[in-house]
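1. Sequence and computational prediction follow.
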Amino acid sequence: MGWKTLDDMDLAGKIVLTRVDINVPVKDGTVTDATRIERIVPTIRDILAKGGKPVLLAHFGRPKGRVVPEMSLRVTLPTLEEKLGRKVAFVETPSRAALEALPPETVVLVENTRFAPGEEQNAPEMADFLAALGDIYCNDAFSAAHRAHASTEGVARRLPSCAGRLMQAELTALEKALGNPVRPVAAVVGGAKVSTKIDLLGNLVEKVDHLVIGGGMANTFLAAQGIDVGKSLAEHEMAATAREILTKAETAGCAVHLPKDIVVARAFAAGAAHDTVPADQCPADAMILDAGPDTVAALIDLFATCKTLIWNGPLGAFEIEPFDAATNAAAEAAARLTAEGKLVSVAGGGDTVAALNKAGAADRFTYISTAGGAFLEWMEGKTLPGVAALEG
(Lines give C-alpha, C1' and ligand atoms only; values in the text may rest on other atoms or scores of the structure.)
Protein backbone atom coordinates (compact mmCIF):
# COMPACT_ATOMS: atom_id res chain seq x y z
CA MET A 1 0.00 0.00 0.00
CA GLY A 2 1.94 2.99 -1.28
CA TRP A 3 -0.87 5.53 -0.93
CA LYS A 4 -1.85 7.72 1.99
CA THR A 5 -5.29 8.09 3.58
CA LEU A 6 -7.03 11.04 5.22
CA ASP A 7 -5.53 9.84 8.52
CA ASP A 8 -2.05 10.67 7.22
CA MET A 9 -2.86 14.28 6.28
CA ASP A 10 -3.01 17.53 8.24
CA LEU A 11 -6.13 19.20 6.87
CA ALA A 12 -6.63 22.00 9.39
CA GLY A 13 -7.32 25.25 7.54
CA LYS A 14 -6.62 23.59 4.18
CA ILE A 15 -8.65 23.57 1.00
CA VAL A 16 -9.03 19.90 0.10
CA LEU A 17 -9.72 19.24 -3.58
CA THR A 18 -11.80 16.07 -3.43
CA ARG A 19 -12.41 14.09 -6.61
CA VAL A 20 -15.71 12.23 -6.29
CA ASP A 21 -17.91 10.26 -8.65
CA ILE A 22 -21.49 11.50 -8.49
CA ASN A 23 -22.28 10.64 -12.11
CA VAL A 24 -25.69 9.41 -10.98
CA PRO A 25 -28.79 8.49 -12.98
CA VAL A 26 -31.25 11.37 -13.36
CA LYS A 27 -34.81 11.44 -14.67
CA ASP A 28 -36.90 14.58 -15.12
CA GLY A 29 -34.35 16.64 -13.22
CA THR A 30 -34.29 14.33 -10.19
CA VAL A 31 -31.61 11.86 -9.03
CA THR A 32 -33.13 8.36 -9.22
CA ASP A 33 -30.32 6.42 -7.51
CA ALA A 34 -28.28 8.19 -4.83
CA THR A 35 -25.90 5.31 -4.05
CA ARG A 36 -22.80 7.08 -5.36
CA ILE A 37 -23.67 10.25 -3.44
CA GLU A 38 -24.26 8.30 -0.23
CA ARG A 39 -20.86 6.61 -0.55
CA ILE A 40 -18.88 9.88 -0.53
CA VAL A 41 -20.52 11.25 2.62
CA PRO A 42 -17.99 9.67 5.08
CA THR A 43 -15.07 11.31 3.24
CA ILE A 44 -16.67 14.75 3.24
CA ARG A 45 -17.56 14.50 6.93
CA ASP A 46 -14.04 13.35 7.85
CA ILE A 47 -12.47 16.28 5.96
CA LEU A 48 -14.74 18.70 7.81
CA ALA A 49 -13.97 17.02 11.15
CA LYS A 50 -10.24 17.47 10.51
CA GLY A 51 -10.71 21.19 9.82
CA GLY A 52 -10.49 21.03 6.03
CA LYS A 53 -12.72 22.67 3.44
CA PRO A 54 -13.89 20.02 0.94
CA VAL A 55 -14.08 21.28 -2.65
CA LEU A 56 -15.73 18.56 -4.71
CA LEU A 57 -14.55 17.92 -8.28
CA ALA A 58 -16.72 15.63 -10.38
CA HIS A 59 -17.91 14.86 -13.89
CA PHE A 60 -21.42 14.30 -15.19
CA GLY A 61 -22.15 12.68 -18.54
CA ARG A 62 -19.98 13.20 -21.62
CA PRO A 63 -20.07 16.89 -22.61
CA LYS A 64 -16.71 16.46 -24.41
CA GLY A 65 -15.09 19.72 -23.34
CA ARG A 66 -18.11 21.94 -23.95
CA VAL A 67 -20.61 23.57 -21.61
CA VAL A 68 -23.80 21.53 -21.94
CA PRO A 69 -26.46 22.95 -19.57
CA GLU A 70 -28.32 19.61 -19.36
CA MET A 71 -25.13 18.05 -17.94
CA SER A 72 -24.68 20.55 -15.14
CA LEU A 73 -23.86 19.04 -11.76
CA ARG A 74 -26.36 21.46 -10.23
CA VAL A 75 -28.96 18.68 -10.63
CA THR A 76 -27.19 16.68 -7.91
CA LEU A 77 -27.21 19.53 -5.37
CA PRO A 78 -30.53 18.79 -3.59
CA THR A 79 -29.62 15.11 -3.09
CA LEU A 80 -26.09 15.96 -2.01
CA GLU A 81 -27.41 18.43 0.58
CA GLU A 82 -29.99 15.91 1.78
CA LYS A 83 -27.42 13.12 2.28
CA LEU A 84 -24.91 15.47 3.97
CA GLY A 85 -27.55 17.19 6.08
CA ARG A 86 -26.12 20.62 5.25
CA LYS A 87 -26.03 23.28 2.54
CA VAL A 88 -23.53 22.96 -0.29
CA ALA A 89 -22.12 25.94 -2.19
CA PHE A 90 -22.20 25.52 -5.97
CA VAL A 91 -19.40 27.21 -7.92
CA GLU A 92 -19.43 27.39 -11.72
CA THR A 93 -16.02 28.96 -12.25
CA PRO A 94 -13.76 28.41 -9.24
CA SER A 95 -10.91 30.67 -8.15
CA ARG A 96 -8.60 30.42 -5.19
CA ALA A 97 -9.81 33.77 -3.86
CA ALA A 98 -13.48 32.76 -4.11
CA LEU A 99 -12.87 29.46 -2.30
CA GLU A 100 -10.87 31.13 0.47
CA ALA A 101 -13.63 33.71 0.96
CA LEU A 102 -16.19 31.02 1.86
CA PRO A 103 -16.67 30.19 5.59
CA PRO A 104 -14.31 27.44 6.88
CA GLU A 105 -16.94 24.70 7.19
CA THR A 106 -18.38 25.17 3.72
CA VAL A 107 -18.76 22.19 1.40
CA VAL A 108 -18.23 23.29 -2.21
CA LEU A 109 -19.34 21.56 -5.40
CA VAL A 110 -17.56 22.73 -8.55
CA GLU A 111 -19.32 22.55 -11.93
CA ASN A 112 -18.74 19.54 -14.22
CA THR A 113 -14.97 19.16 -14.78
CA ARG A 114 -15.64 17.77 -18.28
CA PHE A 115 -16.98 21.17 -19.40
CA ALA A 116 -13.28 22.10 -19.65
CA PRO A 117 -11.55 20.76 -22.79
CA GLY A 118 -8.33 20.14 -20.84
CA GLU A 119 -9.93 17.68 -18.40
CA GLU A 120 -10.13 14.52 -20.49
CA GLN A 121 -6.89 15.43 -22.29
CA ASN A 122 -5.14 15.63 -18.89
CA ALA A 123 -3.74 18.95 -20.14
CA PRO A 124 -0.90 20.27 -17.92
CA GLU A 125 -2.50 23.75 -17.81
CA MET A 126 -5.78 22.23 -16.55
CA ALA A 127 -3.96 20.25 -13.86
CA ASP A 128 -1.99 23.38 -12.89
CA PHE A 129 -5.22 25.38 -12.65
CA LEU A 130 -6.83 22.78 -10.39
CA ALA A 131 -3.75 22.44 -8.20
CA ALA A 132 -3.68 26.21 -7.65
CA LEU A 133 -7.18 26.02 -6.14
CA GLY A 134 -6.26 23.81 -3.19
CA ASP A 135 -3.66 22.66 -0.69
CA ILE A 136 -4.40 18.92 -0.55
CA TYR A 137 -5.79 16.51 -3.13
CA CYS A 138 -8.05 13.64 -2.05
CA ASN A 139 -9.24 11.08 -4.61
CA ASP A 140 -12.45 9.34 -3.59
CA ALA A 141 -13.46 8.28 -7.10
CA PHE A 142 -12.08 4.78 -7.67
CA SER A 143 -14.71 4.35 -10.39
CA ALA A 144 -12.95 7.08 -12.41
CA ALA A 145 -9.41 5.97 -11.51
CA HIS A 146 -8.90 4.14 -14.81
CA ARG A 147 -9.05 7.51 -16.60
CA ALA A 148 -5.91 9.65 -16.80
CA HIS A 149 -7.74 12.98 -16.60
CA ALA A 150 -6.62 16.26 -15.08
CA SER A 151 -8.87 15.84 -12.04
CA THR A 152 -7.95 12.18 -11.46
CA GLU A 153 -4.25 11.99 -12.37
CA GLY A 154 -2.68 15.33 -13.29
CA VAL A 155 -3.60 17.25 -10.14
CA ALA A 156 -2.62 14.30 -7.92
CA ARG A 157 0.99 14.72 -9.06
CA ARG A 158 1.00 18.43 -8.17
CA LEU A 159 -0.34 18.40 -4.60
CA PRO A 160 0.12 16.29 -1.44
CA SER A 161 -2.36 13.51 -2.17
CA CYS A 162 -4.37 10.81 -0.41
CA ALA A 163 -7.23 8.38 -0.88
CA GLY A 164 -10.69 9.19 0.45
CA ARG A 165 -12.67 6.67 2.50
CA LEU A 166 -14.44 5.09 -0.48
CA MET A 167 -11.22 4.80 -2.48
CA GLN A 168 -9.47 3.41 0.62
CA ALA A 169 -12.20 0.78 1.12
CA GLU A 170 -12.14 -0.18 -2.55
CA LEU A 171 -8.36 -0.58 -2.75
CA THR A 172 -8.24 -2.48 0.54
CA ALA A 173 -10.98 -4.87 -0.61
CA LEU A 174 -9.33 -5.50 -3.97
CA GLU A 175 -5.96 -6.09 -2.34
CA LYS A 176 -7.61 -8.71 -0.09
CA ALA A 177 -9.33 -10.34 -3.05
CA LEU A 178 -6.59 -10.40 -5.66
CA GLY A 179 -3.41 -8.71 -4.45
CA ASN A 180 -2.67 -10.81 -1.39
CA PRO A 181 -5.65 -13.12 -0.87
CA VAL A 182 -6.18 -15.92 1.61
CA ARG A 183 -6.32 -19.13 -0.43
CA PRO A 184 -8.01 -21.03 -1.93
CA VAL A 185 -9.41 -18.28 -4.19
CA ALA A 186 -12.37 -18.73 -6.53
CA ALA A 187 -13.54 -16.30 -9.20
CA VAL A 188 -17.00 -16.32 -10.75
CA VAL A 189 -17.02 -14.69 -14.17
CA GLY A 190 -20.31 -14.54 -16.03
CA GLY A 191 -22.03 -12.39 -18.58
CA ALA A 192 -22.74 -12.58 -22.27
CA LYS A 193 -19.46 -12.37 -24.14
CA VAL A 194 -15.99 -13.88 -23.85
CA SER A 195 -14.70 -11.17 -26.22
CA THR A 196 -15.26 -8.44 -23.60
CA LYS A 197 -13.45 -10.38 -20.87
CA ILE A 198 -10.43 -11.99 -22.57
CA ASP A 199 -7.93 -9.92 -20.55
CA LEU A 200 -9.85 -10.60 -17.34
CA LEU A 201 -9.92 -14.37 -17.86
CA GLY A 202 -6.28 -14.45 -18.93
CA ASN A 203 -5.21 -12.62 -15.78
CA LEU A 204 -7.45 -14.54 -13.39
CA VAL A 205 -6.32 -18.04 -14.38
CA GLU A 206 -2.83 -17.08 -13.17
CA LYS A 207 -4.12 -15.57 -9.91
CA VAL A 208 -6.93 -17.83 -8.67
CA ASP A 209 -7.29 -21.51 -7.81
CA HIS A 210 -10.78 -21.93 -9.28
CA LEU A 211 -12.44 -20.12 -12.18
CA VAL A 212 -16.20 -20.52 -12.53
CA ILE A 213 -17.52 -19.50 -15.96
CA GLY A 214 -21.22 -18.79 -16.35
CA GLY A 215 -23.80 -17.01 -18.49
CA GLY A 216 -23.45 -16.76 -22.25
CA MET A 217 -19.67 -17.05 -21.84
CA ALA A 218 -20.09 -20.62 -20.61
CA ASN A 219 -21.92 -21.48 -23.84
CA THR A 220 -18.91 -20.31 -25.85
CA PHE A 221 -16.59 -22.50 -23.78
CA LEU A 222 -18.91 -25.51 -24.14
CA ALA A 223 -19.09 -24.98 -27.91
CA ALA A 224 -15.29 -24.66 -28.06
CA GLN A 225 -15.11 -28.20 -26.68
CA GLY A 226 -17.32 -29.53 -29.46
CA ILE A 227 -20.59 -29.49 -27.49
CA ASP A 228 -23.73 -28.51 -29.42
CA VAL A 229 -25.33 -25.49 -27.71
CA GLY A 230 -28.35 -25.26 -30.03
CA LYS A 231 -29.62 -21.72 -30.51
CA SER A 232 -27.86 -20.41 -27.41
CA LEU A 233 -26.04 -17.11 -27.30
CA ALA A 234 -22.44 -18.07 -28.05
CA GLU A 235 -19.42 -16.54 -29.80
CA HIS A 236 -18.39 -19.44 -32.00
CA GLU A 237 -15.63 -17.31 -33.53
CA MET A 238 -14.03 -17.17 -30.07
CA ALA A 239 -13.60 -20.97 -29.84
CA ALA A 240 -9.82 -20.88 -30.31
CA THR A 241 -9.49 -18.14 -27.67
CA ALA A 242 -11.61 -20.16 -25.23
CA ARG A 243 -9.40 -23.21 -25.75
CA GLU A 244 -6.28 -21.08 -25.22
CA ILE A 245 -7.68 -19.87 -21.89
CA LEU A 246 -8.42 -23.45 -20.82
CA THR A 247 -4.86 -24.50 -21.72
CA LYS A 248 -3.42 -21.50 -19.87
CA ALA A 249 -5.51 -22.40 -16.82
CA GLU A 250 -4.30 -25.99 -16.86
CA THR A 251 -0.69 -24.82 -17.05
CA ALA A 252 -1.25 -22.43 -14.15
CA GLY A 253 -2.97 -25.06 -12.00
CA CYS A 254 -6.31 -23.25 -12.07
CA ALA A 255 -9.40 -25.48 -12.16
CA VAL A 256 -12.03 -24.21 -14.60
CA HIS A 257 -15.65 -24.99 -13.72
CA LEU A 258 -18.27 -25.05 -16.50
CA PRO A 259 -21.94 -26.05 -16.14
CA LYS A 260 -22.61 -29.75 -15.51
CA ASP A 261 -26.28 -29.35 -16.32
CA ILE A 262 -28.22 -26.58 -18.02
CA VAL A 263 -31.69 -25.05 -18.08
CA VAL A 264 -32.97 -24.75 -21.67
CA ALA A 265 -35.98 -23.07 -23.24
CA ARG A 266 -37.33 -22.31 -26.71
CA ALA A 267 -38.23 -18.70 -25.84
CA PHE A 268 -36.30 -15.94 -24.08
CA ALA A 269 -39.17 -14.84 -21.87
CA ALA A 270 -40.18 -14.84 -18.23
CA GLY A 271 -41.91 -18.05 -17.27
CA ALA A 272 -41.06 -19.76 -20.58
CA ALA A 273 -41.46 -23.54 -20.63
CA HIS A 274 -38.06 -25.03 -19.77
CA ASP A 275 -36.20 -28.25 -19.12
CA THR A 276 -33.06 -29.23 -17.25
CA VAL A 277 -30.67 -31.45 -19.19
CA PRO A 278 -26.99 -32.46 -19.01
CA ALA A 279 -24.66 -29.77 -20.40
CA ASP A 280 -23.89 -31.82 -23.52
CA GLN A 281 -27.54 -32.47 -24.40
CA CYS A 282 -28.95 -29.08 -25.42
CA PRO A 283 -31.70 -29.65 -28.02
CA ALA A 284 -30.92 -28.16 -31.41
CA ASP A 285 -33.98 -25.87 -31.27
CA ALA A 286 -33.41 -24.66 -27.68
CA MET A 287 -31.20 -22.10 -25.95
CA ILE A 288 -29.31 -22.34 -22.67
CA LEU A 289 -30.62 -19.70 -20.25
CA ASP A 290 -29.24 -20.83 -16.88
CA ALA A 291 -27.04 -23.32 -15.09
CA GLY A 292 -28.86 -26.32 -13.61
CA PRO A 293 -29.27 -27.51 -10.01
CA ASP A 294 -26.37 -29.99 -10.15
CA THR A 295 -24.05 -27.16 -11.22
CA VAL A 296 -25.35 -24.95 -8.41
CA ALA A 297 -24.85 -27.72 -5.83
CA ALA A 298 -21.26 -28.19 -7.03
CA LEU A 299 -20.64 -24.42 -6.78
CA ILE A 300 -22.01 -24.27 -3.26
CA ASP A 301 -19.68 -27.12 -2.28
CA LEU A 302 -16.79 -25.31 -3.98
CA PHE A 303 -17.45 -22.03 -2.15
CA ALA A 304 -17.38 -23.92 1.15
CA THR A 305 -13.79 -25.03 0.44
CA CYS A 306 -12.58 -21.52 -0.45
CA LYS A 307 -11.44 -18.55 1.65
CA THR A 308 -11.76 -15.79 -0.97
CA LEU A 309 -14.33 -15.21 -3.71
CA ILE A 310 -14.31 -12.66 -6.53
CA TRP A 311 -17.55 -12.26 -8.50
CA ASN A 312 -18.13 -10.53 -11.82
CA GLY A 313 -21.21 -11.35 -13.87
CA PRO A 314 -24.34 -13.51 -13.51
CA LEU A 315 -24.59 -17.27 -14.12
CA GLY A 316 -27.67 -17.07 -16.35
CA ALA A 317 -30.34 -14.76 -17.72
CA PHE A 318 -30.85 -13.33 -14.21
CA GLU A 319 -33.20 -10.57 -15.42
CA ILE A 320 -36.06 -13.00 -16.02
CA GLU A 321 -37.56 -15.76 -13.87
CA PRO A 322 -36.99 -18.64 -13.56
CA PHE A 323 -33.59 -18.20 -15.23
CA ASP A 324 -32.25 -16.31 -12.22
CA ALA A 325 -32.26 -19.45 -10.08
CA ALA A 326 -28.57 -20.38 -10.37
CA THR A 327 -27.34 -16.83 -9.76
CA ASN A 328 -29.69 -16.42 -6.78
CA ALA A 329 -28.77 -19.72 -5.14
CA ALA A 330 -25.01 -19.34 -5.63
CA ALA A 331 -25.10 -15.73 -4.41
CA GLU A 332 -27.09 -16.73 -1.33
CA ALA A 333 -24.51 -19.43 -0.51
CA ALA A 334 -21.63 -16.97 -0.87
CA ALA A 335 -23.46 -14.39 1.26
CA ARG A 336 -24.16 -16.97 3.99
CA LEU A 337 -20.52 -18.13 4.12
CA THR A 338 -19.40 -14.49 4.28
CA ALA A 339 -21.81 -13.72 7.11
CA GLU A 340 -20.46 -16.76 8.97
CA GLY A 341 -16.93 -15.36 8.64
CA LYS A 342 -15.76 -18.21 6.42
CA LEU A 343 -15.33 -16.29 3.17
CA VAL A 344 -14.04 -12.92 1.96
CA SER A 345 -16.30 -12.00 -0.96
CA VAL A 346 -15.74 -9.08 -3.33
CA ALA A 347 -18.03 -8.35 -6.27
CA GLY A 348 -18.24 -5.65 -8.90
CA GLY A 349 -19.62 -4.61 -12.26
CA GLY A 350 -23.04 -3.23 -13.19
CA ASP A 351 -24.86 -6.50 -13.94
CA THR A 352 -23.20 -8.12 -10.95
CA VAL A 353 -24.44 -5.52 -8.50
CA ALA A 354 -27.94 -5.71 -10.01
CA ALA A 355 -27.94 -9.52 -9.82
CA LEU A 356 -26.72 -9.65 -6.23
CA ASN A 357 -29.22 -7.01 -5.16
CA LYS A 358 -32.00 -8.98 -6.88
CA ALA A 359 -30.83 -12.10 -5.04
CA GLY A 360 -30.95 -10.26 -1.72
CA ALA A 361 -27.30 -11.13 -1.12
CA ALA A 362 -25.41 -7.90 -1.79
CA ASP A 363 -25.48 -6.51 1.76
CA ARG A 364 -23.83 -9.67 3.12
CA PHE A 365 -20.87 -9.68 0.71
CA THR A 366 -17.61 -8.36 2.16
CA TYR A 367 -17.45 -5.60 -0.43
CA ILE A 368 -19.51 -4.58 -3.44
CA SER A 369 -17.74 -2.30 -5.90
CA THR A 370 -19.89 0.21 -7.76
CA ALA A 371 -17.01 0.86 -10.17
CA GLY A 372 -17.55 -0.76 -13.54
CA GLY A 373 -14.60 -0.11 -15.85
CA ALA A 374 -12.10 0.56 -13.07
CA PHE A 375 -13.04 -2.65 -11.25
CA LEU A 376 -12.61 -4.69 -14.44
CA GLU A 377 -9.29 -3.07 -15.36
CA TRP A 378 -7.95 -3.74 -11.87
CA MET A 379 -9.06 -7.38 -12.21
CA GLU A 380 -7.34 -7.53 -15.59
CA GLY A 381 -4.09 -6.58 -13.88
CA LYS A 382 -3.87 -3.15 -15.49
CA THR A 383 -2.36 -0.09 -13.82
CA LEU A 384 -5.02 2.51 -12.96
CA PRO A 385 -3.65 6.03 -13.55
CA GLY A 386 -5.65 7.56 -10.68
CA VAL A 387 -4.28 5.00 -8.22
CA ALA A 388 -0.70 5.13 -9.56
CA ALA A 389 -0.71 8.91 -9.12
CA LEU A 390 -1.55 8.53 -5.42
CA GLU A 391 1.36 6.15 -5.01
CA GLY A 392 3.71 8.83 -6.30
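-> That came through fine. Numbering: from 1, shown residues only.
2. hey, let's count contacts and neighbours off CA atoms from now on
-> OK.
3. How is the chain divided into domains?
-> Following automatic domain parsing, one finds the domains of the chain at 6-164, 181-379.
4. mind checking which of those is nearest residue 172?
-> domain 181-379 (9.8 Å; C-alpha to C-alpha).
5. mean confidence for that closest one?
-> On average, the pLDDT along domain 181-379 is 95.
6. And the domains of the chain: which comes nearest residue 389?
-> domain 6-164 (5.7 Å).
7. just to revisit the earlier point, let me have the domains of the chain in CSV, adding distance to residue 390 and mean neighbour count as columns.
-> Shown next, in CSV, are the domains of the chain (distance: least, C-alpha to C-alpha, whole Å; neighbours: other C-alpha atoms under 10 Å):
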stretch, distance to residue 390, mean neighbour count
domain 6-164, 6, 19
domain 181-379, 15, 20
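8. could I get those domains as CSV with distance to residue 175?
-> Output for the domains of the chain, formatted as CSV (distance: least, C-alpha to C-alpha, whole Å):
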stretch, distance to residue 175
domain 6-164, 14
domain 181-379, 7
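9. what about stretch 42-58, start to end distance?
-> 17 Å (C-alpha to C-alpha, to the nearest Å).
10. Now the phi/psi pair for the closest residue to residue 280 other than its chain neighbours, please.
-> Distances taken as C-alpha to C-alpha, 6 or more residues apart in numbering place residue 227 nearest to residue 280, at 5.7 Å, with adjacent residues excluded. Dihedral angles phi and psi of residue 227 (degrees, to the nearest 10) take the values phi -90, psi 130.
11. Would you quantify the distance from the closest residue in space to residue 161 that isn't next to it in sequence to residue 41?
-> Closest residue to residue 161 apart from its sequence neighbours, by C-alpha to C-alpha, 6+ apart: residue 137 at 4.7 Å. Noted for residue 137: a distance of 17 Å to residue 41, by C-alpha to C-alpha.
12. Pretty sure the residue nearest to residue 280 sits against residue 284.
-> No: counting by C-alpha atoms under 8 Å, residue 227 does not reach residue 284; the two are 11.1 Å apart.
13. how much space between the residue nearest to residue 280 and residue 239?
-> Note on residue 227: its distance to residue 239, by C-alpha to C-alpha, is 11 Å.
14. now swap in residue 346 and tell me
-> Distance from residue 346 to residue 239, by C-alpha to C-alpha: 29 Å.
15. that older thread, pretty sure the residue nearest to residue 161 sits in a strand.
-> Yes: the assignment for residue 137 (DSSP: H, G, I helix; E, B strand; the rest coil) places it in a strand.
16. Mind jotting down where the helices sit in this protein?
-> With helices called from DSSP state H, the chain shows them at 35-49, 77-84, 96-101, 117-120, 124-133, 165-174, 198-204, 215-224, 239-252, 293-305, 325-339, 350-358, 373-379, 385-391.
17. which residues sit against the second one?
-> Right, helix 77-84. Outside helix 77-84, the residues that touch it by C-alpha atoms under 8 Å, 6 or more residues apart in numbering are 31, 34, 37, 38, 41, 45, 87, 88, 90.
18. Mind checking the pLDDT average for that helix?
-> 98.
19. tilt between that helix and helix 35-49?
-> 60 degrees (axes from the mean of the first three to the mean of the last three C-alpha atoms, to 10 degrees).
20. go on, the fifth one?
-> Between the axes of helix 124-133 and helix 35-49, defined by the same axes, to 10 degrees, the angle is 50 degrees.
21. who touches helix 124-133?
-> So helix 124-133 is contacted by 15, 17, 94-96, 99, 118-119, 150-151, 154-155, 158-159 (C-alpha under 8 Å, 6+ apart).
22. and it, average pLDDT?
-> 98.
23. ok, now the first one?
-> For helix 35-49, the mean pLDDT works out to 96.
24. Begin at 725 from now on, thanks
-> Sure thing, new numbering starts at 725, so read that last one as helix 759-773.
25. Check which helices and strands it is in contact with.
-> For helix 759-773, the packing partners by 3 or more C-alpha pairs under 8 Å, 6 or more residues apart in numbering; DSSP states H and E come out as strand 777-781, helix 801-808, helix 889-898.
26. Please tabulate these in JSON lines, including the columns distance to residue 1035.
-> Output for those, formatted as JSON lines (distance: least, C-alpha to C-alpha, whole Å):
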{"stretch": "strand 777-781", "distance to residue 1035": "30"}
{"stretch": "helix 801-808", "distance to residue 1035": "29"}
{"stretch": "helix 889-898", "distance to residue 1035": "12"}
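27. Can you check which of these gets nearest to residue 834?
-> strand 777-781 (5.7 Å).
28. so that closest one versus helix 848-857, what angle?
-> Using the same axes, to 10 degrees: strand 777-781 against helix 848-857 is 160 degrees.
29. can you list contacts of strand 777-781?
-> By C-alpha under 8 Å, 6+ apart, strand 777-781 touches 737-744, 768, 771-772, 828-837, 875.
30. do the same with stretch 880-891
-> Residues contacting stretch 880-891 (C-alpha under 8 Å, 6+ apart): 727-730, 732-733, 742, 763-764, 766-767, 851-852, 855, 859-866, 1110, 1113-1114, 1116.
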